[in-house]
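Chemist: could you look at this predicted model? Sequence included:
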Number of protein chains: 2
Amino acid sequence: MLGASPSFRLPGCRELSRVAQQLGVVETRTVTFAEPPGEMPLDSGEKLGPVTVAYETYGTLNNSGSNAILVTHALSGDAHAAGYHEGEKTPGWWNDMIGPGKGLDTDKYFVICSNVIGGCKGSTGPSSTNPKSGKPYALTFPSISIRDMVEAQRKLIDHLGIENLLSVVGGSMGGMQVLQWMVSYPDRVRSAVPIATTLKHAPQQIAFDEVGRQAIMADVNWRDGDYYGQAPPARGLAVARMVGHITYMSDTSMAQKFGRQQKSNDQKSRFGADFEVEGYLRYRGDNFVKRFDANSYLYITKAMDRFDLPGSKKLSEVFRGVKAKVLVIAFKSDWLYPTYQSQEILKACKMNGLNATFCEVNSTYGHDAFLLEVDEETHLLTHFLGGVSA
Amino acid sequence: MLGASPSFRLPGCRELSRVAQQLGVVETRTVTFAEPPGEMPLDSGEKLGPVTVAYETYGTLNNSGSNAILVTHALSGDAHAAGYHEGEKTPGWWNDMIGPGKGLDTDKYFVICSNVIGGCKGSTGPSSTNPKSGKPYALTFPSISIRDMVEAQRKLIDHLGIENLLSVVGGSMGGMQVLQWMVSYPDRVRSAVPIATTLKHAPQQIAFDEVGRQAIMADVNWRDGDYYGQAPPARGLAVARMVGHITYMSDTSMAQKFGRQQKSNDQKSRFGADFEVEGYLRYRGDNFVKRFDANSYLYITKAMDRFDLPGSKKLSEVFRGVKAKVLVIAFKSDWLYPTYQSQEILKACKMNGLNATFCEVNSTYGHDAFLLEVDEETHLLTHFLGGVSA
């Protein structure tokens, strides 16, 4: 396993005032599951194989194998949750939360994060080579579900020799995976932290995803998904990302960050960016295109929209047989995954007799808060995980 | 003037229980202003001319000319606010509010509505012929502002021989025009009803508009605006409209209207519409393309984003010298033009000593409520206008 740099402990300091350290250089590994019959059955009835899963680990698995925490990522995330890749200056997407002395303390816990299948960061997805054709899957890639993502993670956990997870922790789509883990493997999950997430998408959430998909598919470069080796549907994907970014922020955080601040250097064209907020969105959109595959965006958003943990079950049956201790976290200004959806998760937990707690963090950051409210989350996770592992 | 069908009055009935009647067949007229120097100076420093304004009127102007009400339309509206065009089954966009016995009672008031300049429904806009080139303006059309729209309306009001407006009433972008009228012509506006609007766009509002613009400009058929006579940027405009529609509804109204209702007949393609909400948005997007010009969408959204009534003025100076009696209306679930923005309008009115009232209607319809909460608006407008005209 990848070693964490030794933690620096100030003598006599209490837990939370320990100086957090960086993990240093980490690398993404891959494992390919090609065992007979070589194909993984999927929720859709289709099959996928061989399946490669890209993952990173931080900290050390203890002898009893009881300190493993799986971190699950959101729509545009990947296996690189913490530390630095060789030569890179930007750390993993949840570096503030994972490391020695941090909320997910790698001096105590063995933290695993893997790229979802359907993704484009090392795990098998639509941009991977279809072994049957020797060409990229494109739309011959099968439809995948949140449960399929969890199945691939379960294969990884087995591969790492881990029987039980101390916790599964994730926000947004990562939170859906957390909830699916609770239900799919009730005997292997000791605790769960679904953050800023939902049991199922409401129509407004589906609608925003659908706008993103339509923007991608409206791009002539999309070519029904067959664009690999050619120009990708960059403008469509950028528009999709722009819509996403608005929903990840809040009216308040946008007002605080941008106000009506004018942009000085893009006034020449008739429909140039007058305002900072426009320039920011264009920048984020254009940047996203460099690191994300448009077809993955389509597949993954469909998986989110179709996710429906209760399905035909009553709320009082959803978590039947689940034993995990649960911490549900929501953020006050998150209007994409509003607090009422987290309260619904808590309600389902309570109706099934689970030991569950709910915390609404008073943040103005909107949905992005799950990546930004580090102090609050650190306190919450430190104590919650301490209680579970004790 | 176009005659209203005679009102049916039940003897002894109180005002609001009168049976509202339809206006019947109406038609859109146009007037072209080509007086020397033939060009209208615009906020941008550019000029536009000749300027044609498309308009409709309902009811009859009284002898003293004191019963004229100007209705101003929103982004995708037009001059056809009420009644039916010959042979058509769909009435004007605010037909529920305008007619004999309705909130804007055409038995009492002479109601005028005109298409904004920059639009595509009869008033001069980017799809009109540029007299200098003999071809459609496209992007040679000058940038227009909310104040320019009001200037064109003022020319129309002059043309109709009206000195003072009993009221100016409008929602959303129509509300911006209402506010601009108060400031531009304080001596000609006796009352004003800004509905679900704002003194200036917040960055989230700009951001949603910018996504729509980017979707249009990303469409290869847009061709820098030079698409007239060729295929229009239909898919881009449809995506823009889809984003718009989400912001016009609310999380609650979407949940009530669609829930997670599945669509039965579009499951064949990999990214088809699974859910009713997706089918609805696609339908509304595709439908919009048939009736709206993409360049008008660009010009008009820019006018909205740039609108900033206070500008460098303090709130206590915005309405200095304004005499209008004001009724500000907002809707509880409207997250596109949230109540706090209407309260800001009220505050500015009060800080300038205006006779102003604020009412928040308890609706779940989101921003669309200004078109849908007919009963509440009818009561509010009937009594407010009755008080002004008395």
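Modeler: Nice, thanks for sending it over.
Chemist: CA atoms for contacts and neighbours, from now on please.
Modeler: Fine.
Chemist: chain B contacts on the stretch 51-200 of chain A?
Modeler: A:139, A:143 (Cα under 8 Å from any Cα of the partner chain).
Chemist: how is chain A partitioned into domains?
Modeler: According to automatic domain parsing, chain A comprises the domains A:15-201+A:309-389, A:205-303.
Chemist: span of the last one from start to end?
Modeler: What that stands for is domain A:205-303. With Cα to Cα, to the nearest Å applied, domain A:205-303 spans 12 Å between its terminal residues.
Chemist: so, in contact with chain B or not, it?
Modeler: Yes. Interface with chain B: domain A:205-303 contributes A:206-208, A:210-211, A:214-215, A:218-220, A:235-236, A:239, A:242-243, A:246, A:250-251, A:254-255, A:258-260, A:270-271, A:277-278, A:281, A:298, A:302 (Cα under 8 Å from any Cα).
Chemist: list buried residues within these.
Modeler: Buried members of the residues of domain A:205-303 next to chain B, counted by 16 or more other Cα atoms under 10 Å in any protein chain shown: A:206-208, A:210-211, A:214-215, A:218-220, A:235-236, A:239, A:242-243, A:246, A:250-251, A:254, A:258-260, A:270-271, A:277-278, A:281, A:298, A:302.
Chemist: residue A:365: what's it in contact with?
Modeler: Contact analysis of residue A:365 by Cα atoms under 8 Å, 6 or more residues apart in numbering or on different chains lists A:249-250, A:252-253, A:333-334, A:372.
Chemist: the closest residue to it other than its chain neighbours: neighbour count?
Modeler: Distances taken as Cα to Cα, 6 or more residues apart in numbering or on different chains place residue A:253 nearest to residue A:365, at 5.4 Å, with adjacent residues excluded. Residue A:253 has 19 neighbouring residues, counting by other Cα atoms under 10 Å in any protein chain shown.
Chemist: same check on residue A:133?
Modeler: 9.
Chemist: so it belongs to a strand, correct?
Modeler: No. Counting by DSSP: H, G, I helix; E, B strand; the rest coil, one finds residue A:133 to be coil, located in no strand.
Chemist: which other helices and strands contact the host helix or strand of the residue nearest to residue A:365?
Modeler: Using DSSP states H and E, the element containing residue A:253 is helix A:251-257. Applying 3 or more Cα pairs under 8 Å, 6 or more residues apart in numbering or on different chains; DSSP states H and E, one finds that helix A:251-257 contacts helix B:203-218.
Chemist: the helix or strand following the helix it packs on vs chain A: in contact?
Modeler: Using DSSP H and E, the helix or strand that follows helix B:203-218 in sequence is helix B:234-248. Yes. Applying Cα under 8 Å from any Cα, one finds helix B:234-248 touching chain A at B:235-236, B:239, B:242-243, B:246.
Chemist: how distant is stretch A:263-279 from the center of its chain?
Modeler: 32 Å (Cα atoms, centre = their mean, to the nearest Å).
Chemist: alpha carbons only: can I get that stretch in CSV?
Modeler: Extracted as CSV, the C-alpha positions of stretch A:263-279 are listed here (Å, rounded to 0.1, in the frame of the first residue of the first chain):
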residue,chain,number,x,y,z
LYS,A,263,-14.9,41.8,-16.8
SER,A,264,-12.5,44.2,-18.4
ASN,A,265,-10.9,42.3,-21.2
ASP,A,266,-13.7,40.6,-23.2
GLN,A,267,-15.9,43.5,-24.3
LYS,A,268,-15.0,43.4,-28.0
SER,A,269,-17.5,40.8,-29.2
ARG,A,270,-21.2,41.5,-29.1
PHE,A,271,-21.9,38.6,-26.7
GLY,A,272,-18.7,38.5,-24.9
ALA,A,273,-18.5,38.0,-21.1
ASP,A,274,-19.4,41.3,-19.5
PHE,A,275,-19.4,39.9,-16.0
GLU,A,276,-16.9,38.0,-13.9
VAL,A,277,-19.4,35.2,-13.4
GLU,A,278,-19.7,34.7,-17.1
GLY,A,279,-15.9,34.5,-17.5
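Chemist: what residues does it touch?
Modeler: A:254, A:258, A:260-262, B:139, B:143, B:203, B:206-207, B:210, B:298, B:302.
Chemist: from those residues, which two are the most distant?
Modeler: Longest distance between any two of the contacts of stretch A:263-279 is 30.1 Å, between A:254 and B:139; criterion Cα to Cα.
Chemist: okay, and the residue nearest to residue A:241 when sequence neighbours are not counted sits in which element?
Modeler: Setting aside the residues directly before and after it, residue A:241 is nearest to residue A:285 in space (Cα to Cα, 6+ apart), at 5.3 Å. Assigned by DSSP H and E, residue A:285 falls within helix A:276-291.
Chemist: now do the buried residues in that helix.
Modeler: A:276-282, A:284-286, A:288-289.
Chemist: nearest to residue A:49, of those residues?
Modeler: residue A:289 (27.1 Å).
Chemist: so that closest one makes contact with residue A:236?
Modeler: No. Between residue A:289 and residue A:236 no contact is recorded; they are 9.3 Å apart, counting by Cα atoms under 8 Å.
Chemist: okay, and the common contacts of these two?
Modeler: Counting by Cα under 8 Å, 6+ apart, nothing touches both residue A:289 and residue A:236.
Chemist: quick one: contacts for the most centrally placed residue in chain A?
Modeler: Central residue check for chain A by Cα atoms, centre = their mean: the C-alpha nearest the mean position is that of residue A:73, 1.7 Å away. Shown in contact with residue A:73 (Cα under 8 Å, 6+ apart): A:79, A:113-116, A:170-174.
Chemist: out of these, which end up buried?
Modeler: Of the contacts of residue A:73, these count as buried by 16+ other Cα under 10 Å: A:79, A:113-116, A:170-174.
Chemist: so of the residues you listed, which ones are in helices?
Modeler: Judged by DSSP state H, the subset of these located in helices is A:173-174.
Chemist: looking at the buried ones among the contacts of residue A:73, which are in strands?
Modeler: Cross-referencing the buried ones among the contacts of residue A:73 against strands under DSSP state E gives A:113-114, A:170-171.
Chemist: about what we covered before: what average pLDDT does the helix holding residue A:285 get?
Modeler: Summarised as a single mean, pLDDT over helix A:276-291 is 95.
Chemist: next SSE downstream of that helix?
Modeler: The helix or strand immediately downstream of helix A:276-291 is helix A:294-306, counting by DSSP H and E.
Chemist: residue A:93 and residue A:371, how far apart?
Modeler: 8 Å.
Chemist: looking at those two, which has the bigger crowd around it?
Modeler: Each of residue A:93 and residue A:371 has its neighbours counted (other Cα under 10 Å); residue A:93 has more, 18 against 15.
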